[in-house]
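Visitor: Okay, predicted coordinates and the sequence, questions at the end:
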Amino acid sequence: MNIAFKKARFYALCGLSALFLLLIPVQAQNAPGSSNLNPLVEALQAKGILTAADVAKIDQAGTGQEANLSLARILLAKGLISQADYDRLAAENASAANAQPTQANTAPKHASSSGYMEMQSPPHPTEPGAPAVIAQAPSKEINVAISPVRVFPVGGVKTDRNPAFKADGVGLDPYGFVKATAVFDSSDPSGDDFPLPGFLSANSGPNGDPEFHLKARATRLGLNLNWYDPSTKWDITGKIEMDFEGNFNRSDNRNVSTIRSSNPSLRLAWGRMDYHFDKNNSVSALFGQDWTLYGSSTMPNILETTFFGAYYGFLYERDPQMRVGFTHKSGGFTIMPEFAINLPASGNPPSAANISNELGYGERQGPDSDRPNYQARIVGQWQLDHAPGVAPAQIVFSGFDGKRTANALSSAVTATAPAYATTFSHGVSASSKQDGWDAEFQLPTRWFTLVGKYYAGSDLRWFFAGQAYSFYSDTTGLTATATVASDDGGSNIILGTNAAHQQVVAPERPVRAAGGVVQLGLPLSRIFHADPAGRNAGWTLYATYGVDQAKERDVNRATTSASRHGATVAAGTLNYKLDKWISFTFEQSLYTEHANTEQSVLPLFKGVQSREWNDVREEFGPVFVF
């Protein structure tokens, strides 16, 4: 069966699925029993801004001012209004309640299991000049603008006083999604169900190794946590999140069924404390595993999330960390600097002989540096477009400073470099630095949303950048060199004799890299004025381009064999939202790897020395959110 036929079959599958969706009759998406809700709530639910759980919380709050405040809190948590907007609405509701007490919800709050009253934060005075993002109800001609994917809150996290479950003073809100996709790759030499950088494999088959995959391991489960402190100045929250993107099991009872036996993997696990001095100033502290301050603030919206653009310009990571931040608001503008100490890491794999040690103890070369990885970011946030439903804009700058260290035992020196055994009788150690900076932007408007980032740094392997290169040993001016394996098997240390006839360790220098990604999101339903209550209200389109490059001069020092130099990805992602919970996505992408042309021998692709490797990739499937 040739590639053209396989692709035709794949497109036919996608076409039949799309035809099925188009034949579904148009109908309103209001939740049953919601006829007594505020029309604004019904409109936001119909457009998918509010979930059924959100509507239930608003309904539980009653009517009038309490319901309005509940709606505002939910919109604040989703990033659709700013803290200043919420403060203004709270103040206006308070004024209305004082003027018309018969319209206020006077039902008393129930005491929680921890014995204190579940009080809401007192309203603050109206902030002059604050943008009114939800000053008017969306009309029938207005559909939801695209909100950027944001993994960091700005302005602090609010405790959810109406969670799905409560247990001894702790609120629990489960969330997640079930995701199943079919994938066709025109070239997949590694055999993975995600795109690795090209030329990592030594070669590919004569036809480029096309492959078809169908996977469900991107399914994700999460739990939001809320601890209820008696003081309204404290908000204490947490999160635990996992997916099944880990490696397949190696146990004997799964030998035959390996490909459908993915391991669960920890994504996020943290607790956070926010203290509010007043309406304009707050501090936060986070402890646990979360996204890294360096590079992770801006995330493109794509369907392929297993490797998520790794080594194609996306730049991100999740680390165990301890993080502090400060938020200040003034005149509709919010600024938030944050600082963190992170678990140091390099991502250098061990040798096959040491894989059991690596799995047992975790990475060595980061922790062997005997120091934390320092990271920081500063973000400015403001309302660029004041239309209803448009999220605030952000500009972000971030950076990090780290170090990796490799150690070799004296026995290894004696065994593989006996001429240096006397000088390095106690063993040998070598280190290289890690550092980087990036600039990011998120510009949402009612007609489009533009996001992107640019980064540069040294040894960015851990952050999925720099073409997976880490460092090289600089042997310039050294003679009689000898190689000693590090004790974790993750790298080699090179010894040599310098011009002064001294036996020394060759300096280890990081491979420098740069790159970035940009994505344009178009709310098609809004642009073409689709009916917000109909089946065509959920069409969105994304165009993405990413690039990641390692400095060729450093690559030539890191390896003398045929190698890669840089990679690009161009992707188009079309989303259709069937209702509040189910969406279908088709993604067409082109992954390209460029060879290092400064070397005399080029890497192989389809058995031929090639300057470029390409993977034309299609992925299609539904996502069921809960």
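Guide: All right, it came through fine. Numbers count the residues shown, from 1 in each chain.
Visitor: Strands of the stretch 51-200 of the chain, start to end?
Guide: Using DSSP state E, counting those that start in this stretch, the strands of the stretch 51-200 of the chain run over 165-167, 170-179, 181-185.
Visitor: Point out the most buried one among the ones you listed.
Guide: Of the strands of the stretch 51-200 of the chain, the one with the most neighbours on average (mean count of other C-beta atoms under 10 Å) is strand 181-185, at a mean of 22. C-betas here are computed from N, CA, C, even on glycine.
Visitor: now that strand, how far from the chain's geometric center?
Guide: Strand 181-185 sits 22 Å away from the centroid of its parent chain (C-alpha atoms, centre = their mean, to the nearest Å).
Visitor: what comes up buried for stretch 149-160?
Guide: R150, F152, P153, V154, G155, G156, V157, K158, T159, D160 (16 or more other C-beta atoms under 10 Å).
Visitor: which among the residues you listed gets closest to V55?
Guide: D160 (14.8 Å; C-beta to C-beta).
Visitor: Give the residue spans of the stretch 101-250 of the chain that score low on pLDDT.
Guide: Scanning the stretch 101-250 of the chain for pLDDT under 70 picks out 101-143, 202, 249-250.
Visitor: next structured bit after the helix or strand where V484 lies?
Guide: Using DSSP states H and E, V484 sits within strand 479-485. Using DSSP H and E, the helix or strand that follows strand 479-485 towards the C-terminus is strand 492-497.
Visitor: And that following strand, how far out from the chain middle?
Guide: Strand 492-497 has its C-alpha centroid displaced from the chain centroid by 39 Å (C-alpha atoms, centre = their mean).
Visitor: about what we covered before: how about the strands of the stretch 51-200 of the chain in TSV, adding distance to D435?
Guide: Below are those laid out as TSV (distance: least, C-beta to C-beta, whole Å):
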stretch	distance to D435
strand 165-167	44
strand 170-179	36
strand 181-185	35
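Visitor: just so I know, which of those lies nearest E42?
Guide: E42 lies closest to strand 170-179 among those, at 22.7 Å (C-beta to C-beta).
Visitor: Show me what the closest one is packed against.
Guide: strand 165-167, strand 220-227, strand 612-625 (3 or more C-beta pairs under 8 Å, 6 or more residues apart in numbering; DSSP states H and E).
Visitor: returning to that earlier point: mind listing what the strand holding V484 pairs with, with the direction of each?
Guide: Paired with strand 479-485 in the same sheet, following DSSP bridges, are strand 492-497 (antiparallel).
Visitor: I'd like the next helix or strand past the partner strand.
Guide: Next element after strand 492-497 (DSSP H and E): strand 503-505.
Visitor: Contacts made by that next one with the rest, please.
Guide: Strand 503-505 is contacted from outside by 420, 423-424, 428-430, 478, 493-498, using C-beta atoms under 8 Å, 6 or more residues apart in numbering.
Visitor: could the residues you listed be laid out in a markdown table, adding pLDDT and neighbour count?
Guide: As requested, the contacts of strand 503-505 are exported to a markdown table (pLDDT from 0 to 100; neighbours: other C-beta atoms under 10 Å):
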| residue | pLDDT | neighbour count |
| --- | --- | --- |
| Y420 | 96 | 21 |
| T423 | 95 | 16 |
| F424 | 96 | 21 |
| V428 | 96 | 22 |
| S429 | 96 | 14 |
| A430 | 96 | 22 |
| L478 | 95 | 19 |
| I493 | 95 | 25 |
| I494 | 96 | 21 |
| L495 | 97 | 26 |
| G496 | 96 | 20 |
| T497 | 96 | 18 |
| N498 | 96 | 13 |
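Visitor: element containing A415, please.
Guide: According to DSSP H and E, A415 maps onto helix 410-416.
Visitor: May I see the buried residues of that helix?
Guide: Residues of helix 410-416 classed as buried by neighbour count (16+ other C-beta under 10 Å): A412, V413, T416.
Visitor: contacting residues for the last one?
Guide: Looking back up the chat, that one is T416. Counting by C-beta under 8 Å, 6+ apart, T416 touches A482, T483, V484, A485.
Visitor: looking at the helices and strands packed on strand 170-179, which is closest to L40?
Guide: Per C-beta to C-beta, nearest to L40 of the helices and strands packed on strand 170-179: strand 612-625, 22.4 Å.
Visitor: which helices and strands does the closest one pack with?
Guide: Helices and strands touching strand 612-625, as assessed by 3+ C-beta pairs under 8 Å, 6+ apart, comprise helix 3-23, strand 170-179, strand 181-185, strand 582-595.
Visitor: Could I get the average pLDDT for it?
Guide: Regarding strand 612-625, the rounded mean pLDDT is 96.
Visitor: quick one: strands adjacent to it?
Guide: Using DSSP bridges, the strands paired with strand 612-625 are strand 170-179 (antiparallel), strand 181-185 (antiparallel), strand 582-595 (antiparallel).
Visitor: Just put those strands in TSV and tack on distance to R553.
Guide: Formatted as TSV, these follow (distance: least, C-beta to C-beta, whole Å):
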stretch	distance to R553
strand 170-179	42
strand 181-185	32
strand 582-595	15
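Visitor: N556 is nearest to which of these?
Guide: strand 582-595 (12.5 Å).
Visitor: Buried ones in the strand holding V484, by neighbour count?
Guide: Buried-residue list, strand 479-485, by 16+ other C-beta under 10 Å: A482, V484, A485.
Visitor: nearest to G313, of those?
Guide: Closest to G313, out of all of these and judged by C-beta to C-beta, is A485, at 32.9 Å.
Visitor: Could you report the distance from that closest one to L478?
Guide: Counting by C-beta to C-beta, to the nearest Å, the separation of A485 from L478 is 18 Å.
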